[in-house]
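Enquirer: Here is my input, please return the structure:
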Amino acid sequence: MSTPSAPDTRITRPAGPPVPNAPGFDEVQAEARRLVGARLFTVLAWDDERGALARVHTSHPVEYPVEYPVGGEKFMPRDAPWPQQVLVRQQPYLGVDPASVAAVFADWPTIEALGCGATLNLPVVVDGRTIGALSLLDAAGTYDETSIARAAPAAGLAVAPLLAWHATRTAVPTPEENR
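Expert: Residues are numbered from 1 along each chain as shown. Okay, the predicted model is just below:
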């Protein structure tokens, strides 16, 4: 494979014990797998203020806890092609082969080592605001242009649990609640 052109990316992992999957995403995962399949499925919550994608659900919390733990975050430059397409313009990203995965994800060697060479990323949007993205990964050639429309209903199922996750992150106790 030629040298990837993915943007510089900072990936963090949570300190301490493993973080469990956020509630509400098992149905989203099952539907995505039913619709188009996914060897690795993750839900990423978008924190626009910080420019961070927080992993809130993974299909493999035990198998890949070091590579892709829940609670980990990915920081990519906002002007990079993938964030512009998925998070800003709110359009899916289809990567059909390892080169198209490597073009947008700096962690492509890990993705490739997990047997994944194709990706389908769907924005999750509410009232014109991106609140997250679904990341489906599988073997090269698994996804094609028809996969985008077939997988779209899974993004709709992710709205309620992502809104709930965001609500827990932004809830600030009032002085009365601190007593």
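Enquirer: Can you pull the phi/psi pair for the residue nearest to the spatial centre of the chain?
Expert: When the chain is reduced to its mean C-alpha position, the closest residue under Cα atoms, centre = their mean turns out to be L44, at 3.5 Å. Backbone torsions of L44, given as degrees, to the nearest 10, read phi -120, psi 130.
Enquirer: so it touches Y68, yeah?
Expert: No - with contact defined as Cβ atoms under 8 Å, L44 and Y68 do not form a contacting pair (10.3 Å). Backbone N, C-alpha and C define where each C-beta goes, glycine included.
Enquirer: Residues that sit against both of those two, list them.
Expert: When contacts are counted by Cβ atoms under 8 Å, 6 or more residues apart in numbering, L44 and Y68 are jointly contacted by R55.
Enquirer: In contact with the residue nearest to P20 when sequence neighbours are not counted, which residues?
Expert: Nearest residue to P20, sequence neighbours excluded (Cβ to Cβ, 6 or more residues apart in numbering): V70, at 6.6 Å. Listed by Cβ under 8 Å, 6+ apart, the contact set of V70 reads 14, 18-22, 55-58, 61.
Enquirer: just those residues now: which is nearest A38?
Expert: Nearest to A38 out of these is T58 (Cβ to Cβ; 11.0 Å).
Enquirer: Now do the contacts for the closest one.
Expert: T58 neighbours (Cβ under 8 Å, 6+ apart): 21, 40-43, 64, 68-70.
Enquirer: Of those, which is the nearest to E145?
Expert: Where the contacts of T58 are concerned, and distances follow Cβ to Cβ, E145 has its nearest neighbour in F41, at 20.1 Å.
Enquirer: Direction included, what does the host helix or strand of that closest one pair up with?
Expert: Using DSSP states H and E, F41 sits within strand 40-47. Here strand 40-47 is paired, per DSSP bridges, with strand 52-58 (antiparallel), strand 129-138 (antiparallel).
Enquirer: neighbouring contacts of the next helix or strand after the longest one?
Expert: Using DSSP H and E, the helix or strand that directly follows strand 129-138 along the chain is helix 145-157. The set of residues that contact helix 145-157 without belonging to it, under Cβ under 8 Å, 6+ apart, is 27-28, 31-32, 35-36, 92, 94, 120, 122-125, 134, 136.
Enquirer: same thing but 6 Å
Expert: 28, 31-32, 35-36, 92, 120, 122, 124, 134 (Cβ atoms under 6 Å, 6 or more residues apart in numbering).
Enquirer: Where does pLDDT dip in this structure?
Expert: Counting by pLDDT under 70, the chain has low-confidence residues at 1-5, 64-65, 171-179.
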